[in-house]
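>>> Quick one, structure for this:
(one chain, ligands or ions: 1)
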Amino acid sequence: MTTPALRVRDLTVRYGDVLALDSVSLTVAPARICGLVGTNGSGKTTLFKSVLGLVTAEDGQVDMHGHRPREARTKGIVGYVPQTEQVDWHFPVRVIDVVMMGRYGHMGPTRRPRRADHDAVTAALERTGLTHLAHRQIGALSGGQRKRAFIARAIAQDANLLLLDEPFAGVDSHAQADIVDVLHAMRHEGHTLLVSTHDLAGLARLCDEAILLQRRVVAHGPPERVLTPQNLVEAFGGSTGTVAEGVR
Ligand SMILES: Nc1ncnc2c1ncn2[C@@H]1O[C@H](COP(=O)(O)OP(=O)(O)OP(=O)(O)O)[C@@H](O)[C@H]1O
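Numbering: from 1, shown residues only. Now for the predicted structure:
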């Protein structure tokens, strides 16, 4: 059996009295796109933070090809595309500098870019259609362009496992289709992608598999088997009719 790109076992995370993840176990095989869906507060970001080693688990284990989260993050084995709403856009930095940040794990402590780093940044800007905006301040981009800049950073990083937090939020349908193409190309090259999204209707187009999270894993498998009315009611509440409407 192939070694999973990501293995999470019995992961429990609490913030004080709040139980954010309750004994979550899952594995994702290499070169797969796995959608992560659930209500607000269902633990998606907490799962990402756990995989990145940014929160301390009460119990359980995460590993990526034998690497523990913190090590995987510092070695650039796992990469993260944040919700762009969480970023300080007044920070005076150009698009090309943001994308170069993806190369830090490949550089020595001096962080002096070499030829391979410049080449990787150029290629990532091209892949995301941002070459003409490379020298613009990141704060002067549109929402969709900002997302693409962070995806370009992740491409330049060349991480084995990539976590994308809501890459489609606030992005028009044209730009969404461009992002989906880039993500499919990354999967084709062997990257594994875990993508949190509220876009249930677009899940089957994007993903090979999906995880429905509600503090614990409600269902995990092919999107059409995960998004059943019963599972959706369990995760989102409401009646089967109203929830199922949302994914048509
Ligand atoms: N730093 C924190 N301190 C206390 N509680 C927290 C903290 N971060 C998250 N929580 C709580 O943990 C639970 C899971 O939050 P999390 O951010 O992981 O959910 P989410 O699925 O990413 O939500 P959303 O879709 O709104 O981004 C929520 O109840 C949230 O209020």
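
>>> Now residue 37: closest residue in space that isn't a chain neighbour?
Using Cβ to Cβ, 6 or more residues apart in numbering and skipping the chain neighbours, the partner closest in space to residue 37 is residue 212 (5.6 Å). Where C-beta positions appear, they are placed from N, C-alpha and C, glycine not excepted.

>>> Can you verify my assumption that the one you found contacts residue 223?
No - counting by Cβ atoms under 8 Å, residue 212 does not reach residue 223; the two are 9.8 Å apart.

>>> Same drill for these two, tell me which one is more crowded.
Taking neighbours as other Cβ atoms under 10 Å, residue 212 and residue 223 compare with residue 212 leading, 26 against 21.

>>> neighbouring strands for the helix or strand where the more buried one lies, and are they parallel or not?
Here residue 212 sits within strand 209-213, counting by DSSP states H and E. Sheet pairing of strand 209-213 (DSSP bridges) gives strand 33-37 (parallel), strand 217-221 (antiparallel).

>>> Among the ones you listed, show me which one is buried the most.
Compared across the strands paired with strand 209-213, strand 33-37 shows the largest average neighbour count, a mean of 25 (mean count of other Cβ atoms under 10 Å).

>>> now the helix or strand just after that one, how far from the chain's geometric center?
The helix or strand immediately downstream of strand 33-37 is helix 44-51, counting by DSSP H and E. Relative to the chain's own centre, helix 44-51 is displaced by 10 Å; criterion: Cα atoms, centre = their mean, to the nearest Å.

>>> quick one: the helix or strand following helix 44-51 to helix 44-51, angle?
The first helix or strand that comes after helix 44-51 along the chain, using DSSP H and E, is strand 59-63. Compare the direction of strand 59-63 with that of helix 44-51 by axes from the mean of the first three to the mean of the last three Cα atoms, to 10 degrees and you get 70 degrees.

>>> now what about strand 59-63, what contacts it?
Under the contact criterion Cβ atoms under 8 Å, 6 or more residues apart in numbering, strand 59-63 has outside partners 6-12, 23-25, 50-51, 53, 68-69.

>>> Next: stretch 2-21.
Applying Cβ under 8 Å, 6+ apart, the set of residues contacting stretch 2-21 is 22-32, 43, 46-47, 50-51, 55-66, 160-161, 192, 194, 215-216.

>>> ok, and which of those residues reach the ligand?
Applying Cβ under 6 Å from any ligand atom, the subset of these adjacent to the ligand comprises 43, 46.

>>> Quick check: ChimeraX command selecting the buried ones in the contacts of stretch 2-21.
Of these, the buried ones go into a single ChimeraX selection, burial set by 16 or more other Cβ atoms under 10 Å:
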select :22,24,26,28,30,31,32,43,46,47,50,51,55,57,60,62,63,64,160,161,192,194,215,216
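
>>> check contacts around the spatially most central residue of the chain.
Residue closest to the average C-alpha location in the chain (Cα atoms, centre = their mean): residue 164, at 1.7 Å. Taking Cβ under 8 Å, 6+ apart as the criterion, residue 164 is in contact with 80, 81, 151, 154, 183, 193, 194, 195, 196.

>>> Roughly how far does residue 173 sit from residue 122?
28 Å (Cβ to Cβ, to the nearest Å).

>>> where does residue 203 land on pLDDT?
Looking at residue 203, its pLDDT stands at 89.

>>> Number the chain from 22, please
Fine by me, first position is 22 from now on; the one you just mentioned is residue 224.

>>> Might one say that it is in contact with residue 57?
No - Residue 224 is beyond contact range of residue 57, at 10.0 Å (criterion: Cβ under 8 Å).
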